[in-house]
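Colleague: Sequence unavailable; structure follows:
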């Protein structure tokens, strides 16, 4: 069964810290992997998309890495800010009609 | 440009009633997806449309759920005889898919459905 797991489920850090969110997937034959953030009561905002042939993607203070062989992706957030507080979701595309399989998310709280 | 839009933003209905949820994808996006997010649970795939191909309905939880899409534009998700377990946020996403390459999916704000 193709499953996506995110650890930790919740994380609280002081402002300014660098942090890492983890995502693992059981089947390494992925097509691509996408990281999203979800604010309370809102939809999902796409952060980064990594194709299976890529090792990492960067956007501003965000860096996502992909290691297919170990079934892992990490999202690194540098110099965290209170505005980064949200739930971060990892989703894997196994090239099965393009549907995404989501993890349960990591709820991040950045304290000022 | 405009993102994915969904309507209504909130819907409260009584058990047994039918509901229709609407999604307007990003203009030019060929693929459209519906997902469901129940309280405290992860997102579940429901259905996928791509161009003129037959939709992938593998995620629909029961035959009370159906969806249609007009060409490469609006889609409606219909839930018949709603049950309390249908209460969830229904999210729509679209992406530009070319030659079978699946690209970044962009999500709408969702419709929060509450079945009393």
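Modeller: Perfect, thanks for sending it. Remember, it's a predicted structure, so these values are computed and weren't measured experimentally.
Colleague: Just confirm yes or no for stretch A:14-26 near chain B.
Modeller: No: judged by Cβ under 8 Å from any Cβ of the partner chain, stretch A:14-26 and chain B are separated, with a smallest distance of 12.2 Å. Glycine gets a C-beta too; all of them are placed from N, C-alpha and C.
Colleague: what's in contact with that stretch?
Modeller: Stretch A:14-26 has contacts (Cβ atoms under 8 Å, 6 or more residues apart in numbering or on different chains) with A:1-8, A:11, A:13, A:33, A:35, A:71-82, A:88, A:90, A:92, A:101, A:103, A:106, A:108, A:110-112.
Colleague: Regarding stretch B:62-82, how distant is the last residue from the first?
Modeller: End-to-end distance for stretch B:62-82, by Cα to Cα, to the nearest Å: 11 Å.
Colleague: Can you pull out the residues in contact with that stretch?
Modeller: Here stretch B:62-82 makes contact (Cβ under 8 Å, 6+ apart) with B:13-25, B:28-30, B:32, B:34, B:46-47, B:49, B:51, B:55, B:57, B:60, B:83, B:86, B:90, B:92, B:113, B:115.
Colleague: Now the residue nearest to the spatial centre of chain B: closest residue in space that isn't a chain neighbour?
Modeller: Residue closest to the average C-alpha location in chain B (Cα atoms, centre = their mean): residue B:34, at 2.9 Å. Leaving aside its sequence neighbours, residue B:34 sits nearest to residue B:46 (Cβ to Cβ, 6 or more residues apart in numbering or on different chains; 4.2 Å).
Colleague: so that neighbour touches residue B:37, yeah?
Modeller: No: if you go by Cβ atoms under 8 Å, residue B:46 and residue B:37 don't touch, sitting 10.6 Å apart.
Colleague: The one helix or strand residue A:20 maps to pairs with which strands, parallel or anti?
Modeller: In this assignment (DSSP states H and E), residue A:20 forms part of strand A:19-25. Using DSSP bridges, strand A:19-25 pairs in its sheet with strand A:4-7 (antiparallel), strand A:72-77 (antiparallel).
Colleague: Would you mark the buried spots in that strand?
Modeller: For strand A:19-25, the buried set under the neighbour-count rule, 16 or more other Cβ atoms under 10 Å in any protein chain shown, comprises A:19, A:21, A:23-25.
Colleague: how about these in TSV, adding pLDDT?
Modeller: Formatted as TSV, the buried residues of strand A:19-25 follow (pLDDT from 0 to 100):
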residue	pLDDT
A:19	95
A:21	97
A:23	97
A:24	96
A:25	95
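Colleague: Of those residues, just say which sits nearest to chain B.
Modeller: Checking the buried residues of strand A:19-25 against chain B by Cβ to the nearest Cβ gives residue A:23 as the nearest, at 12.2 Å.
Colleague: Bridged to the closest one, which residues?
Modeller: The partner residues for residue A:23, given DSSP bridges, come to residue A:6, residue A:73.
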